[in-house]
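>>> what would the 3D arrangement of this be:
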Amino acid sequence: MTVRLRAHHLLCMLTFVGEGYNPAFTENYRSIARRLSAGEEIELVSGPDDICAPLMEGGDPHCLNASVIERDALARQAVARLFGNEIKPGSIIRPEAELLRDLRRNFTSGAIRQACSGCEWEGLCTTIAGGDYQGTFVTRP
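A predicted model of the protein is given here:
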């Protein structure tokens, strides 16, 4: 199987410690984190992804907002610069230990955090990065 992620969730997955918008969202994210930690491949998608799924029910999900779409574009550009090649919807990314280390090192330094500006979770993610990612759910041996 493949985990479908939008570009900014490539950054969010680095600092996920079990907090979220509601219990359904958090449990879903924990399940996805287990899959990523087991090495399941990531397929980059445009728009709502597997993490967004519990938020798509009901009225006006923020996953469709222009600000979130812009966050995806900024994250895609930053991660592509880090990888040294273009990533786009349909790209397959393997969440190997080396990749997570590289992403986290660059996240901590701020090199790939342009998409995080103004996000409601930015402060928490900064604290987690500053604490060497202790307690995060997405791990690789």
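>>> only C-alpha atoms from now on, for both contacts and neighbour counts.
OK.
>>> quick one: residue 5 is in a helix?
No. When DSSP: H, G, I helix; E, B strand; the rest coil is applied, residue 5 is found to be strand, with no helix at that position.
>>> make sure it is actually in contact with residue 51.
Yes. Distance between residue 5 and residue 51: 7.1 Å, which falls inside the contact criterion (CA atoms under 8 Å).
>>> give me the below-cutoff pLDDT ranges for the protein.
Across the chain, the ranges flagged by pLDDT under 70 are 141.
>>> by residue count, what's the longest helix in the protein?
The helix of greatest length in the chain, counted in residues with DSSP state H as the criterion, is given as helix 66-83.
>>> so what's the gap between the helix or strand just after that one and the chain middle?
Per DSSP states H and E, the first helix or strand lying C-terminal to helix 66-83 is strand 92-93. On the basis of CA atoms, centre = their mean, to the nearest Å, the separation between the geometric centre of strand 92-93 and that of its chain is 13 Å.
>>> which residues sit against the helix or strand just after strand 92-93?
Stepping forward along the backbone from strand 92-93, the first helix or strand reached (DSSP H and E) is helix 97-109. Applying CA atoms under 8 Å, 6 or more residues apart in numbering, the set of residues contacting helix 97-109 from outside is 11, 14, 112, 113, 126, 129, 130, 139, 140, 141.
>>> same deal with stretch 124-138?
Stretch 124-138 is touched from outside by 13-18, 30, 33-34, 36-37, 104, 107-108, with contacts defined as CA under 8 Å, 6+ apart.
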